[in-house]
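1. this is a predicted model, with the sequence first.
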Amino acid sequence: PEKTRGGKVTTVCLEHGKPEPSPIRPYKLVELESYSNDPRLAELMTSIGKGEVSQKVAQAAAWHIASGLTWEQLAAEKIDHAGGDPDEPFFTPAELRAAFRVVEIVTQRAEKPPARGTSLGS
(Lines give C-alpha, C1' and ligand atoms only; values in the text may rest on other atoms or scores of the structure.)
Protein backbone atom coordinates (compact mmCIF):
# COMPACT_ATOMS: atom_id res chain seq x y z
CA PRO A 1 0.00 0.00 0.00
CA GLU A 2 0.95 3.59 -0.70
CA LYS A 3 3.78 2.59 -3.03
CA THR A 4 4.04 3.59 -6.65
CA ARG A 5 4.84 1.12 -9.37
CA GLY A 6 5.63 2.00 -12.95
CA GLY A 7 4.64 0.14 -16.06
CA LYS A 8 4.13 0.56 -19.77
CA VAL A 9 0.68 0.85 -21.31
CA THR A 10 0.03 1.21 -25.02
CA THR A 11 -2.39 4.07 -25.61
CA VAL A 12 -3.93 5.89 -28.56
CA CYS A 13 -5.53 9.29 -28.91
CA LEU A 14 -9.19 9.11 -29.90
CA GLU A 15 -9.68 12.80 -30.69
CA HIS A 16 -7.54 13.95 -33.60
CA GLY A 17 -6.41 17.55 -33.38
CA LYS A 18 -6.26 17.84 -29.61
CA PRO A 19 -3.03 19.32 -28.23
CA GLU A 20 -0.24 16.91 -27.33
CA PRO A 21 -0.31 15.83 -23.68
CA SER A 22 2.22 17.58 -21.45
CA PRO A 23 2.65 18.24 -17.73
CA ILE A 24 0.09 21.06 -18.06
CA ARG A 25 -2.19 19.00 -20.37
CA PRO A 26 -2.05 15.44 -19.08
CA TYR A 27 -3.76 12.45 -20.64
CA LYS A 28 -7.25 11.81 -19.40
CA LEU A 29 -8.04 8.13 -19.16
CA VAL A 30 -11.72 7.38 -19.60
CA GLU A 31 -13.84 4.28 -19.88
CA LEU A 32 -14.39 3.58 -23.55
CA GLU A 33 -18.17 3.33 -23.13
CA SER A 34 -18.27 6.91 -21.82
CA TYR A 35 -16.63 8.09 -25.05
CA SER A 36 -18.07 5.81 -27.74
CA ASN A 37 -20.22 2.73 -28.11
CA ASP A 38 -18.85 1.92 -31.58
CA PRO A 39 -18.15 -1.83 -31.40
CA ARG A 40 -15.25 -1.44 -33.86
CA LEU A 41 -13.47 0.83 -31.40
CA ALA A 42 -14.02 -1.68 -28.59
CA GLU A 43 -12.56 -4.43 -30.79
CA LEU A 44 -9.58 -2.21 -31.63
CA MET A 45 -8.90 -1.50 -27.94
CA THR A 46 -9.09 -5.24 -27.21
CA SER A 47 -6.56 -5.90 -29.98
CA ILE A 48 -4.22 -3.24 -28.57
CA GLY A 49 -4.51 -4.74 -25.09
CA LYS A 50 -3.65 -8.19 -26.42
CA GLY A 51 -0.59 -6.83 -28.23
CA GLU A 52 -2.02 -7.77 -31.64
CA VAL A 53 -1.31 -4.38 -33.21
CA SER A 54 1.49 -1.81 -32.91
CA GLN A 55 0.83 1.61 -31.41
CA LYS A 56 1.30 3.51 -34.69
CA VAL A 57 -1.00 1.16 -36.63
CA ALA A 58 -3.56 1.34 -33.82
CA GLN A 59 -3.34 5.15 -33.80
CA ALA A 60 -4.14 5.38 -37.51
CA ALA A 61 -7.03 2.93 -37.10
CA ALA A 62 -8.32 4.80 -34.03
CA TRP A 63 -8.31 8.18 -35.79
CA HIS A 64 -10.07 6.61 -38.77
CA ILE A 65 -12.79 5.05 -36.59
CA ALA A 66 -13.18 7.59 -33.77
CA SER A 67 -12.38 10.88 -35.51
CA GLY A 68 -13.56 10.00 -39.02
CA LEU A 69 -10.28 10.77 -40.77
CA THR A 70 -10.01 9.35 -44.26
CA TRP A 71 -7.00 7.29 -45.30
CA GLU A 72 -5.92 10.22 -47.48
CA GLN A 73 -6.05 12.58 -44.50
CA LEU A 74 -4.04 10.12 -42.41
CA ALA A 75 -1.46 9.82 -45.20
CA ALA A 76 -1.13 13.62 -45.22
CA GLU A 77 -0.39 13.84 -41.47
CA LYS A 78 3.11 15.21 -40.87
CA ILE A 79 5.50 15.52 -37.94
CA ASP A 80 6.53 19.19 -37.89
CA HIS A 81 10.18 19.42 -36.85
CA ALA A 82 11.48 22.62 -35.31
CA GLY A 83 14.61 24.37 -36.44
CA GLY A 84 14.04 24.08 -40.16
CA ASP A 85 14.38 20.31 -40.30
CA PRO A 86 12.07 18.87 -42.96
CA ASP A 87 8.70 17.52 -41.95
CA GLU A 88 8.20 13.77 -42.12
CA PRO A 89 5.10 11.64 -42.56
CA PHE A 90 3.42 10.67 -39.29
CA PHE A 91 2.54 7.23 -40.70
CA THR A 92 4.50 5.14 -43.18
CA PRO A 93 2.65 3.61 -46.14
CA ALA A 94 3.14 0.18 -44.52
CA GLU A 95 1.56 1.41 -41.27
CA LEU A 96 -1.43 2.79 -43.16
CA ARG A 97 -1.88 -0.47 -45.10
CA ALA A 98 -1.75 -2.39 -41.82
CA ALA A 99 -4.23 0.03 -40.20
CA PHE A 100 -6.62 -0.39 -43.14
CA ARG A 101 -6.47 -4.16 -42.66
CA VAL A 102 -6.95 -3.79 -38.88
CA VAL A 103 -10.09 -1.71 -39.48
CA GLU A 104 -11.40 -4.42 -41.80
CA ILE A 105 -10.73 -7.10 -39.16
CA VAL A 106 -12.27 -5.20 -36.23
CA THR A 107 -15.28 -4.37 -38.38
CA GLN A 108 -15.76 -8.07 -39.15
CA ARG A 109 -15.36 -8.99 -35.47
CA ALA A 110 -17.80 -6.27 -34.42
CA GLU A 111 -20.43 -7.48 -36.89
CA LYS A 112 -20.14 -11.11 -35.82
CA PRO A 113 -22.09 -12.01 -32.68
CA PRO A 114 -19.78 -13.44 -30.02
CA ALA A 115 -19.99 -17.20 -29.61
CA ARG A 116 -20.71 -18.45 -26.13
CA GLY A 117 -17.63 -19.03 -24.03
CA THR A 118 -15.16 -17.44 -26.46
CA SER A 119 -13.17 -14.26 -26.11
CA LEU A 120 -13.73 -11.19 -28.29
CA GLY A 121 -10.48 -11.86 -30.11
CA SER A 122 -11.48 -15.35 -31.25
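-> Yep, that arrived.
2. give me the longest helix you can find in the protein.
-> When the chain is parsed with DSSP state H, its longest helix is helix 93-111.
3. tell me which residues of that helix are tucked away?
-> By 16 or more other Cβ atoms under 10 Å, the buried positions in helix 93-111 come out as 95, 96, 98, 99, 100, 102, 103, 105, 106, 109, 110. No exception for glycine: its C-beta is placed from N, CA and C like everyone else's.
4. which of the residues you listed lies closest to residue 74?
-> Among the buried residues of helix 93-111, residue 96 lies closest to residue 74 (Cβ to Cβ), at 6.0 Å.
5. before we move on, the earlier item: what would the buried residues of helix 93-111 look like in a markdown table with distance to residue 39?
-> Converted to a markdown table, these look like this (distance: Cβ to Cβ, whole Å):
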| residue | distance to residue 39 |
| --- | --- |
| 95 | 23 |
| 96 | 23 |
| 98 | 21 |
| 99 | 18 |
| 100 | 18 |
| 102 | 14 |
| 103 | 13 |
| 105 | 13 |
| 106 | 8 |
| 109 | 8 |
| 110 | 4 |
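6. about what we covered before: what helices and strands are in contact with the longest helix of the chain?
-> Other helices and strands packing on helix 93-111, by 3 or more Cβ pairs under 8 Å, 6 or more residues apart in numbering; DSSP states H and E, are helix 39-49, helix 55-66, helix 71-76.
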